[in-house]
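In: Curious how this folds, go ahead:
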Amino acid sequence: MQHRQSSCPPFKRRKSLATRMREVLEIRARHPTKIPVVVERYQKEKHLPLLDRTKFLVSQDLSLSQFLVTLRTRMSLTSTQAFYLLVNNRGLPSLSTTLGEVYRDSQDDDGFLYMTYASQDMFGASAAVQP
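Out: Residues are numbered from 1 along each chain as shown. The predicted structure is shown next:
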């Protein structure tokens, strides 16, 4: 269930659409108040560490800022290390937004919410997420 991202293709390429959709249906049936989230490191990222997992099951009431704290902790980032988190490779909603709201607005056709993280060096420093 957990894959090291450096040696594997992106999540969507590892599993078929039908498999991903079935997985989301099973997750949502067992955990109706949880959001299935896939978080992957930007493919060209060189500075930030890999997360120990790709898939997260998070409370729909969790704010984006609280989820960022979880990711920072899992990456063991210092308080001075900034990173970007993009939803569907498009941008980041307000940090006060709940993951339930983000999911409602941005879930993929397969039912997962996809996020990508990268260091400020990959995109510039203007909108990096810091503590």
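
In: Against residue 49, how distant is residue 58?
Out: 20 Å (Cβ to Cβ, to the nearest Å). The C-beta positions use only the backbone N, C-alpha and C, and glycine is treated the same way.

In: Counting neighbours, go ahead and name the busier of the two.
Out: Applying other Cβ atoms under 10 Å to residue 58 and residue 49 shows that residue 58 carries more neighbours, namely 21 against 11.

In: Which of the three states applies to the residue most central in space within the chain?
Out: Centroid check for the chain by Cα atoms, centre = their mean gives residue 39 as the closest residue, at 2.8 Å. With DSSP: H, G, I helix; E, B strand; the rest coil as the basis, residue 39 sits in strand.

In: Quickly note the distance from it to residue 92.
Out: From residue 39 to residue 92 the distance is 13 Å (Cβ to Cβ).

In: between those two, what contacts are shared?
Out: The contact sets of residue 39 and residue 92 overlap at residue 85 (Cβ atoms under 8 Å, 6 or more residues apart in numbering).

In: Buried residues, stretch 18-33. List them.
Out: 20-21, 23-24, 27 (16 or more other Cβ atoms under 10 Å).

In: Give the bridge partners for the residue found closest to residue 48 once you drop the neighbours it is linked to in the chain, please.
Out: Nearest in space to residue 48, with sequence neighbours left out and distances taken as Cβ to Cβ, 6 or more residues apart in numbering, is residue 119 at 5.0 Å. Here residue 119 sits in beta bridges with residue 83, going by DSSP bridges.

In: Then residue 115?
Out: residue 39, residue 87.

In: what's near enough to touch it?
Out: 37-40, 85-87 are the contacts of residue 115 under Cβ under 8 Å, 6+ apart.

In: part of a helix, is residue 12?
Out: Yes. According to three-state DSSP, the state of residue 12 is that of a helix.

In: so how far is residue 98 from it?
Out: Taking Cβ to Cβ, one finds residue 12 at 24 Å from residue 98.
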